[in-house]
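> no sequence for this one, just the structure:
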């Protein structure tokens, strides 16, 4: 019996039930448990209370740091592969490169956001920009009074209105907003893009039987919206498919998290 763990979310109840049904069809008995937060999930994985973990990116990095031979990525959502962070400016702005934001006002996402908070701040530092000294302002979503529930939508609104000269968002947010009609294609433009990196991932212990790991990956990859269980999983995870896991970009995230004292 495989035991899957995730951080508590109402959506995960339907997702994990769907996974349970789908895995059983592929000869894999699966049970699941939800933990209060990602730190509890990391602790449970380290203690081997669970065989599989549905990790956020920071949780995966914490496991990497916690265990000498941490885990292997067995599957990811299609939307979590080649994730990118962008610095954007208003379409009417004269900013063209990241260096142009020196002395300007920059809006970041939430402090707990890997893509628009932690990594965005790290990328500024890697570009030789000290956000505290070299920018007229550099604020996180948590620091701003906002009526917008989404941190990255808040960034886009403030940048497009000229309240901030530039801001950090991920490609997925731009895609979603353009698809739902809340962001016109010519409203903002990208002045810098990060290398691609991995985001959320399903992980298994490093010493799992290779044949079992492959069977788990194949079970994830075979999920489609053609049956109710698969549809519940894909809709709950806001993706079109699952793919085999990748290891791209984790080193940068680990370094960023270490710099900020998160690991």
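Looks like it arrived, so ask away. Bear in mind that the values here come from a model prediction, so they are computed numbers and not experimental data.
> got the buried residues for stretch 78-90?
For stretch 78-90, a neighbour-count test (16 or more other CB atoms under 10 Å) marks 79, 80, 81, 83, 84, 85, 86, 87, 88, 89, 90 as buried. Using the backbone N, CA and C atoms, a C-beta is placed for each residue, glycine as well.
> am I right that the first one is in a helix?
Yes: secondary structure of residue 79 (DSSP: H, G, I helix; E, B strand; the rest coil): part of a helix.
> check what pLDDT it gets.
On the pLDDT scale, residue 79 is placed at 94.
> export the buried residues of stretch 78-90 to JSON lines and tack on distance to residue 10 and secondary structure?
Output for the buried residues of stretch 78-90, formatted as JSON lines (distance: CB to CB, whole Å; DSSP: H, G, I helix; E, B strand; the rest coil):
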{"residue": "79", "distance to residue 10": "20", "secondary structure": "helix"}
{"residue": "80", "distance to residue 10": "20", "secondary structure": "helix"}
{"residue": "81", "distance to residue 10": "26", "secondary structure": "coil"}
{"residue": "83", "distance to residue 10": "24", "secondary structure": "strand"}
{"residue": "84", "distance to residue 10": "29", "secondary structure": "coil"}
{"residue": "85", "distance to residue 10": "28", "secondary structure": "strand"}
{"residue": "86", "distance to residue 10": "30", "secondary structure": "strand"}
{"residue": "87", "distance to residue 10": "33", "secondary structure": "strand"}
{"residue": "88", "distance to residue 10": "31", "secondary structure": "strand"}
{"residue": "89", "distance to residue 10": "37", "secondary structure": "strand"}
{"residue": "90", "distance to residue 10": "36", "secondary structure": "strand"}
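> relative to residue 121, which of those is nearest.
Residue 121 has its nearest neighbour among those in residue 85, at 10.3 Å by CB to CB.
> tell me the bridge partners for the closest one.
residue 170 (DSSP bridges).
> didn't it look like it was pressed against residue 193?
Yes: if you go by CB atoms under 8 Å, residue 85 and residue 193 touch, sitting 7.4 Å apart.
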